[in-house]
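Undergrad: predicted model and sequence below, questions to follow.
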Amino acid sequence: MKRVVLITLSVVFCCAFVTKDDYRQLNQKNFQRGELLSYKFHYGFVNAGVCDIEVLPQLYRVNNRICYKMNINGRTTGSTDFFFHVRNQYGSYIDTAAMIPQKSYRLIQEGKYKLTEVCEYDHNANLVKKNKNGKEDFSYKTPDNVQDIVSSYYYLRTFDFDKIQVGEMITLTSFLEDTTLNFSMQYLGKEVIKTDVGKINAIILSPMMPKNKLFKGKNPIKAWFSDDENKIPLKAEAEMVVGSVDMDIVSCKGLRNPLNIIK
């Protein structure tokens, strides 16, 4: 009896000091290091800005996990740059196995407004620690496998849309600023679209937006992704009360899989 009690106490004692390390495992085949996607933004016939989305060639170790480093760089151009002058970068060190961020950052410059923000993720404790403009902010409680903006985009590309019904909702949980948000998108089906890189079969998604005075229509925002293993974004459009704002792909390099261009 005494031996059983000792064994039980030993197990309890050991378990009290074991940290949670139940990372999910995803074997993604949708992108690789060195991928570079370039886009242009336009408002009607006015070119408003450009954007690059890249996976850096190197691997990084963050929180003792092997990570990709992804950057999204956007800036205004032409007359839009004169009036607004935007230079924004969103970056994330994304766990190669679990497709969740270990560290993320935002470098924002919009006119006179500037922000430098770094978030460090402790997925074992489900916490995010934020540093804003060089000053430590608070720690925030998060759910399992929480994403950031950048990792949400890459995680979405791992979905098998052949197993999703038209009209079905897809929800991603992401940490943004100081809040955990559920981003929901509706799968609208497929269609063929013409782009600067060719005519391509595309998957259509529509982010769900709360009712407001900026957008119009039932699905005011739509995004088209290539209907192949890459699932790269090809086009996005936002129908606003003052007109349509569009994003179109200009070039793509370093894709993991051949782009399925229709001849």
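TA: Structure's in. What do you need? Residues are numbered from 1 along each chain as shown.
Undergrad: how far does stretch 89-105 sit from its chain's centre?
TA: 9 Å (Cα atoms, centre = their mean, to the nearest Å).
Undergrad: next, the buried residues of it.
TA: Residues of stretch 89-105 classed as buried by neighbour count (16 or more other Cβ atoms under 10 Å): 90-95, 98-105. Using the backbone N, CA and C atoms, a C-beta is placed for each residue, glycine as well.
Undergrad: again with stretch 228-240
TA: By 16+ other Cβ under 10 Å, the buried positions in stretch 228-240 come out as 228-236, 238-240.
Undergrad: nearest to Lys129 among those?
TA: Pro233 (30.2 Å; Cβ to Cβ).
Undergrad: ok so, going back, so which of the buried residues of stretch 89-105 sit within strands?
TA: Under the assignment DSSP state E, the buried residues of stretch 89-105 contribute 90-95, 101-105 to strands.
Undergrad: farthest pair in those residues?
TA: The most widely separated members of these, counting by Cβ to Cβ, are Tyr90 and Asp95 (17.1 Å).
Undergrad: which stretches of the stretch 1-150 of the chain form strands?
TA: For the stretch 1-150 of the chain, the strands defined by DSSP state E, counting those that start in this stretch occupy 36-43, 46-55, 60-62, 65-76, 86-95, 101-110, 113-122, 127-132, 135-141.
Undergrad: of all the ones you listed, which lies closest to Ile193?
TA: Ile193 lies closest to strand 36-43 among the strands of the stretch 1-150 of the chain, at 14.2 Å (Cβ to Cβ).
Undergrad: report the strands that pair with the closest one, each with its relative direction.
TA: With DSSP bridges as the test, strand 36-43 is paired with strand 46-55 (antiparallel), strand 243-253 (antiparallel).
Undergrad: can you redo the ones you listed as a markdown table with mean neighbour count and distance to Met169?
TA: What follows is those, written out as a markdown table (neighbours: other Cβ atoms under 10 Å; distance: least, Cβ to Cβ, whole Å):
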| stretch | mean neighbour count | distance to Met169 |
| --- | --- | --- |
| strand 46-55 | 18 | 25 |
| strand 243-253 | 16 | 23 |
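Undergrad: let's have those in CSV, adding distance to Phe161.
TA: Below are the strands paired with strand 36-43 laid out as CSV (distance: least, Cβ to Cβ, whole Å):
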stretch, distance to Phe161
strand 46-55, 20
strand 243-253, 19
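Undergrad: out of the ones you listed, which is closest to Glu110?
TA: The nearest among those, by Cβ to Cβ, is strand 46-55 at 11.7 Å.
Undergrad: now the angle from the closest one to strand 65-76?
TA: 170 degrees (axes from the mean of the first three to the mean of the last three Cα atoms, to 10 degrees).
Undergrad: tell me the angle strand 46-55 makes with strand 86-95.
TA: Taking the same axes, to 10 degrees, one finds strand 46-55 and strand 86-95 inclined to each other by 20 degrees.
Undergrad: can you start the count at 47 instead of 1 from here on
TA: In the new count, where the first residue is 47, that last one comes out as strand 92-101.
Undergrad: what mean pLDDT does strand 92-101 have?
TA: Averaging pLDDT along strand 92-101 gives 94.
Undergrad: now do that strand: distance to the chain's middle.
TA: In terms of Cα atoms, centre = their mean, the centre of strand 92-101 is found 16 Å from the chain centre.
Undergrad: that'll do, ta.
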